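**Q** Fold the following for me, if possible:
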Amino acid sequence: MSCKNIVILGSTGSIGINTLKVVERYPDKFKVVGLTAYNNFKLLEKQAKIFQPTHIGVSDKGIEYLKKNINTRKTKILSVKEDLESIVTLKNVDVVVIAMRGAGALGPFLAAVRSGKIVAPANKEALVMAGDIIMEEARAYGATIIPIDSEQSAIFQCLNGQKRSELKKVFLTASGGALLNVPKSRFNRLTVKQILSHPRWKMGKKITVDSATMMNKGFEVIEAQKLFNLKTNEIDVLIHPEAIIHSMVEYIDGSIIAQLGITDMRLPIQYALTYPNRLDSGLKSMNFVELKQLTFQKPDFKKFPSLELAFYALKKGGSLPCVLNAADEVAVEAFLEGDLQFNSIY
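**A** Here you go, the predicted structure:
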């Protein structure tokens, strides 16, 4: 495997930090040429000094700070508001990791695709809003999209080498989040701190809230349909509290291929970076004896109406997925700021 040049949009967030851990393990396989962040410019400074990128994108406030604290002869400091597209389209870039959240990722996502890059998105919003356009452009410009989300990565791996015409059903699994065993009658008393205590994954605040409402899984349903050109009736969701099986694909002969793994985002990140190869992750192997059992249940649409809303938006199509995404961003932000009760998000 030859060395790949990488740009990470959102390098100071959870996905970005884990991506750099993968890069750090294999310095002969990956070279960081671009890093971007918004307000966490002190962490960005540390990352820049370690990985020596040629380009950095940051907020206006961060630009002034970084100009005083890093070697600008080796690293070009650009505006995260204006220059993301120029960073992802650099000629020497092989892989663009989209670890930034929100609708703002759509522009650089499309720019990377139109430059024929390998794009590794952890961002759901862009695919929910404009997945059809992104995939059409990827085909037109020869770009490769390898998702970082653990569930989408699992589907990608289960479909790899198989005939699309032989697919019957895709099962997206969900841990159930922090509220799986909490009665809905208590939802109005839940605090931000309680919601942010996810039992399985360490994630950013927005995605953790979306996990609790199950809107995150709803977005993944829409995302999967766009990424893999699925029909709505070919997608199902299963609650799987152990979070060991990340997704499954059933074929017309009744065979089911599942992807299993420990709950560590470095696994799907490394898969996307090294594809079509695999490298030793250095992570612990799964002990099936200790697992004892794997359980599954149907999602409760009455308890988690956001999941049903996502299926409805996907079925109706048009601008509804985009509207759903925008409404969710506003509602979750209001909850995190203390302006909205949890049970009022949906």
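**Q** how about the helices in the stretch 201-346 of the chain?
**A** 205-213, 215-228, 266-274, 288-291, 305-316, 320-336 (DSSP state H, counting those that start in this stretch).
**Q** Include mean neighbour count and mean pLDDT when you put the ones you listed into JSON lines, please.
**A** C-betas here are computed from N, CA, C, even on glycine. As requested, these are exported to JSON lines (neighbours: other C-beta atoms under 10 Å; pLDDT from 0 to 100):
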{"stretch": "helix 205-213", "mean neighbour count": "23", "mean pLDDT": "89"}
{"stretch": "helix 215-228", "mean neighbour count": "25", "mean pLDDT": "96"}
{"stretch": "helix 266-274", "mean neighbour count": "23", "mean pLDDT": "98"}
{"stretch": "helix 288-291", "mean neighbour count": "8", "mean pLDDT": "88"}
{"stretch": "helix 305-316", "mean neighbour count": "18", "mean pLDDT": "95"}
{"stretch": "helix 320-336", "mean neighbour count": "18", "mean pLDDT": "94"}
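**Q** so which of these comes closest to residue 96?
**A** helix 266-274 (10.6 Å; C-beta to C-beta).
**Q** got the contact list for the closest one?
**A** 1, 4, 6, 15, 18-19, 21-23, 29-30, 95, 97, 120, 146-150, 153-154, 157, 261, 278-279, 281, 283 (C-beta atoms under 8 Å, 6 or more residues apart in numbering).
**Q** Might you report the residue contacts of residue 17?
**A** Residue 17 touches residue 11, counting by C-beta under 8 Å, 6+ apart.
**Q** got a pLDDT number for it?
**A** Looking at residue 17, its pLDDT stands at 98.
**Q** before we move on, what about the one 3 residues further on?
**A** Listed pLDDT for residue 20 reads 99.
**Q** just the buried members of the contacts of helix 266-274?
**A** 4, 6, 15, 18-19, 22-23, 29-30, 95, 97, 120, 146-150, 153-154, 157, 261, 281 (16 or more other C-beta atoms under 10 Å).
**Q** Could you list which of those belong to helices?
**A** In helices, defined here by DSSP state H, the members of the buried ones among the contacts of helix 266-274 are 15, 18-19, 22-23, 150, 153-154, 157.
**Q** all strands of the stretch 151-300 of the chain, in order?
**A** Secondary structure of the stretch 151-300 of the chain (DSSP state E, counting those that start in this stretch): strands at 167-174, 235-239, 245-251, 256-260.
**Q** Let's have those in JSON lines, adding mean pLDDT, mean neighbour count and distance to residue 53.
**A** Compiled in JSON lines, the strands of the stretch 151-300 of the chain are given as follows (pLDDT from 0 to 100; neighbours: other C-beta atoms under 10 Å; distance: least, C-beta to C-beta, whole Å):
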{"stretch": "strand 167-174", "mean pLDDT": "98", "mean neighbour count": "20", "distance to residue 53": "34"}
{"stretch": "strand 235-239", "mean pLDDT": "98", "mean neighbour count": "19", "distance to residue 53": "38"}
{"stretch": "strand 245-251", "mean pLDDT": "98", "mean neighbour count": "21", "distance to residue 53": "31"}
{"stretch": "strand 256-260", "mean pLDDT": "98", "mean neighbour count": "17", "distance to residue 53": "32"}
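**Q** I'd like to know which of those strands is closest to residue 47.
**A** Comparing those by C-beta to C-beta, strand 245-251 comes nearest, at 27.9 Å.
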